[in-house]
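**Student:** Attaching a predicted model along with its sequence, questions to come.
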Amino acid sequence: MNRLFSSFKALLAALLLLTGTALLAQDHGHADEHAAHAEHNAHAHGDEHGDADADHSHEGDHSEEAHDHESHAGHDHDDHDDHAHDEEFVAGTFIIHHIADAHDIHLFGDVHIPLPVILYIEGQGVKIFVSSTFEGYGHGNKTCELDGIAYTMHAEDGTTADGTPVVSGQITAAADGSALTVYDFSITKSVFGMLLILAAMVWMFLSIAGHYKKNPGQAPKGMANALEPLIIFVRDEIARPSIGDKADKFMPFLLTVFFFIFFCNLLGLVPFLGGFNITGTIGVTVVLATLVFFLTNLNGNKHYWGHIFWPPGVPLPVKFILVPIEVFSIIMKPAVLMIRLTANISAGHIIILAFTSLIFIFGDGGQAIGAGSGMGIFSTAFMIFMYFLELLVAFLQAFVFTLLAAIYFGDATHDPAHH
Amino acid sequence: MGALLTPALGTVVWASIAFLVVLFVLRRFAWGPILSALNEREESIAGALNEAEKVRKEMEELAASNENQLKEARAERDRMLREAREMADQLVADAKNTAREAADKEVAAAKDAIAIERKAAVAELKAEVGNLSLEIAERLLREKLESNDEQKALVNRLIDESPLN
């Protein structure tokens, strides 16, 4: 236990040291990106992807602004207006961009780790290419053309040229000017992070299983020693009190889900890794919640279903109100698990990003260095506090999800005749 | 914002496949062995504690019985010592008695021998003294007495009167 604690402390210290610098470095990178983007637009693309682009006007301003800077410092008035409009830092967009899933891993500045894009296009089959094939800088739409199909990766929520709604990060494809139906099976940032964590879990738990096999009845060492308290915690504090006799049956799921959520949450806190937000990605949590839904209802006994469709001990008229509520709760319970986890983890990231944003808002795009620096100190101090809180939340949310799942399993399998 | 609230098809598919595969792999190869190892260890620890308790009780019993045995042994030793001492005393006493009896016998025999010797010596002395007296008397009488008979009567009377007996 002591060893686990000291390694935790080391991890914590490393995290905190890196946090401030990492966030600052990332955002410095973004500032560069803005400029590069603007320049690029001015020289090459102009308003090429104008129609589909909700951010068009914004980009346009960028290019003008960059142009102005390059050519001369003449049009003072115009320049100033543009500047004020242009450099306006939109914290909301910045934050959403950072917590949403992406097709690559953004480390810092212009350094991205490209990830595979896997698309199934109706009538065209499966298309696989790396995300770095997409051209375009900064935060605008990115495009590429392969085998006569034009792909667009959208930067913002909006609609395509033909009025189909799209969300940010979505890839659409068109051949000969007509839109194609795209199913995106890309290894996105969250999918990549998830696979990473799952692979690490397989390695870790298989190796500690080997350790237990090799040293039967011995005190655990190394990784087994670090993870054993958590395994016992899940068994003795979550599964057994909530489920009772049938706890063993659900242990593999509860352990897998607990460690998966816990490790994913921790990975999301590591700076310089592109800010993974795996458990804040609804596509991941919806799967976990669906598994809880099936495990609960497929294991539901007579007593469980009896409580839902014929609640005991209430007058008949109340039953008519209660039954729909109970039926609704079958779906609502796992849905709440999903929403709680996604929202909590995203919220933590949002708060940290918001305090980063404050530095830039107070800095007024480089106009108020003093205010920006002052805010930087305050924000960093607050972010350190938030990181501590996030470490707690990382564990807490894993615990809460597992505990509630265990309670639902317990409700479904609870046999009142036995007690 | 839409991207945050809409589950992406690809993510759902990958998450389902990957999570289920890992769940089954871990259930088969990791959780089973780990949980059974933990159970076994807990049972073995509980067993070892019970065993230790049992052994402790046995040790206590053993110590008590050792104490008893020690007491018995001590009593036995005392008894044996006492017996040995008694026996030794007896032996010494017997030996003393025997020695005394032997000595007494010796003394008595010596006394008897002495008495016999003395009697013999006295008898011999009587004869010697008689002869001597006779010679003396003979010489006396030869010179003073004329008659042998008178001389002999005189000597006999003298011998009888002598305190030799």
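**Tutor:** Ah, there it is.

**Student:** interface residues of chain B facing chain A?
**Tutor:** For chain B, the residues in contact with chain A (C-beta under 8 Å from any C-beta of the partner chain) are B:1-16, B:18-23, B:25-27, B:29-35, B:37-38, B:40-41, B:44. C-beta: built from backbone N, CA, C; applies to glycine.

**Student:** Any chance of a PyMOL selection covering the buried ones in those?
**Tutor:** Only the buried entries of the residues of chain B next to chain A go into this PyMOL selection, using 16 or more other C-beta atoms under 10 Å in any protein chain shown:
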select buried, chain B and resi 2+3+4+7+8+10+11+12+13+14+15+16+18+19+22+23+25+26+30+31+33+34+35+37+38+41
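
**Student:** In strands, which of the residues of chain B next to chain A fall?
**Tutor:** Using DSSP state E, no member of the residues of chain B next to chain A falls within strands.

**Student:** The residues of chain B next to chain A in helices, which ones?
**Tutor:** With DSSP state H as the criterion, helices contain B:2-5, B:9-16, B:18-23, B:25-26, B:32-35, B:37-38, B:40-41, B:44 from among these.

**Student:** any idea how far the helix or strand bottoming out on mean pLDDT in chain B is from the chain center?
**Tutor:** The weakest-scoring helix or strand in chain B, judged by mean pLDDT, DSSP states H and E, is helix B:2-5 (a mean of 74). When distances are taken as C-alpha atoms, centre = their mean, to the nearest Å, helix B:2-5 is centred 103 Å away from the chain's centroid.

**Student:** Just list what that helix packs against, helices and strands only.
**Tutor:** helix A:91-99 (3 or more C-beta pairs under 8 Å, 6 or more residues apart in numbering or on different chains; DSSP states H and E).

**Student:** what's the model's confidence in the helix it packs on, averaged?
**Tutor:** Per-region confidence: helix A:91-99 scores 82 on mean pLDDT.

**Student:** got the contact list for that helix?
**Tutor:** Helix A:91-99 has contacts (C-beta atoms under 8 Å, 6 or more residues apart in numbering or on different chains) with A:30, A:139, A:156, A:168, A:275, A:277, A:280, A:346, A:349-350, A:353-354, A:357-358, A:360-361, B:1, B:3-4.

**Student:** Narrow the residues you listed to those that are buried.
**Tutor:** Buried members of those, scored by 16+ other C-beta under 10 Å, are A:30, A:139, A:156, A:168, A:275, A:277, A:280, A:346, A:349-350, A:353-354, A:357-358, A:360-361, B:3-4.

**Student:** Can you check the pLDDT for residue 106?
**Tutor:** No chain was given, so I picked chain A. Here the pLDDT value assigned to residue A:106 is 83.

**Student:** The chain in question should be chain B.
**Tutor:** Taking residue B:106 on its own, its pLDDT is 92.

**Student:** The strand or helix carrying it - contacts with which helices or strands?
**Tutor:** Using DSSP states H and E, residue B:106 maps to helix B:32-144. Applying 3+ C-beta pairs under 8 Å, 6+ apart, one finds that helix B:32-144 contacts helix A:189-214, helix A:222-233, helix A:247-267, helix B:148-161.

**Student:** all helices of chain A, in order?
**Tutor:** A:2-40, A:56-71, A:76-86, A:91-99, A:189-214, A:222-233, A:240-243, A:247-267, A:282-298, A:302-309, A:316-363, A:369-413.

**Student:** Just the residues contacting stretch B:158-165, thanks.
**Tutor:** Counting by C-beta under 8 Å, 6+ apart, B:122, B:125, B:126, B:129, B:130, B:133, B:137 sit against stretch B:158-165.

**Student:** Check the spacing between the fourth one and chain A real quick.
**Tutor:** Think residue B:129. 121 Å (C-beta to the nearest C-beta, to the nearest Å).

**Student:** so what's the closest residue to chain A within chain B up against?
**Tutor:** Residue nearest to chain A within chain B (C-beta to the nearest C-beta): residue B:11, separated by 2.9 Å. The neighbours of residue B:11, taking C-beta under 8 Å, 6+ apart as the test, are A:101, A:188, A:190, A:191, A:281, A:283, A:284.
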